[in-house]
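**Q** Show me how the following folds:
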Amino acid sequence: MRSAMNWGLAGLAWTAATLSPALARCADPADRAAFDVVGLKSEMMVLAISCKRNDDYNAFVRRFQALLTRADADLGRYFSRAYGHGGQRAQDAYVTALANGQSDEGMRLGSDFCPHNAAVFDEVKAVGSETDLPAFAAGKAVVPEVPGACVVEASARPATPAKKR
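**A** Numbers count the residues shown, from 1 in each chain. Prediction:
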């Protein structure tokens, strides 16, 4: 599984200038799940456009429409809590920066982008149900730790087993 998206310096600088200077924290696992699901949706949208996989993206959206709608609403509530009256603007800036960062990754990989990443469409088809999608999205590491992103506080992180070497 690949690591988190490599954000371009321009996208990161724009995001940092637009949003709060400190990483936003979230102790609520629902907040993090919303960031993960919206991040996955964004990545799949970029892949659909770049790799001409619109039918696969549309099938994903239809299959998980209720969850995607809830994740968008949860993200909106998070940004409203975190940024007050500027929440919608901060959310729009975050989602735009996220998609731009994912698109920049595509440009960086060039012709390797689609072969390297388009398997996610097949992986999503194998997700058992709507309740399984947030964990799948979290495992894809599509949410970079940049200003505006929800970073799970240490006390809210579930214990993870040590990796065997």
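
**Q** how about the helices of the protein, start to end?
**A** Ranges of helices in the chain, per DSSP state H, are 9-18, 29-51, 54-63, 65-83, 87-109, 113-117, 119-125, 133-139.

**Q** Could you single out the most deeply buried of those helices?
**A** Highest mean neighbour count of these: helix 29-51, a mean of 22 (counted as mean count of other C-beta atoms under 10 Å). C-beta here means a position set from N, CA and C on the backbone, and glycine is covered the same way.

**Q** Show me what that one packs onto, helices and strands only.
**A** In terms of contacts (3 or more C-beta pairs under 8 Å, 6 or more residues apart in numbering; DSSP states H and E), helix 29-51 is packed against helix 54-63, helix 65-83, helix 87-109, helix 113-117, helix 119-125, helix 133-139, strand 150-152.

**Q** Looking at it now, give me its mean pLDDT.
**A** For helix 29-51, mean pLDDT rounds to 89.

**Q** Equivalent analysis for stretch 110-117, please.
**A** Per-residue scores along stretch 110-117 average to 80.

**Q** Show me the contact partners of it.
**A** With contacts defined as C-beta atoms under 8 Å, 6 or more residues apart in numbering, stretch 110-117 is touched by Arg2, Glu43, Leu47, Ser50, Cys51, Glu105, Gly106, Met107, Leu109.
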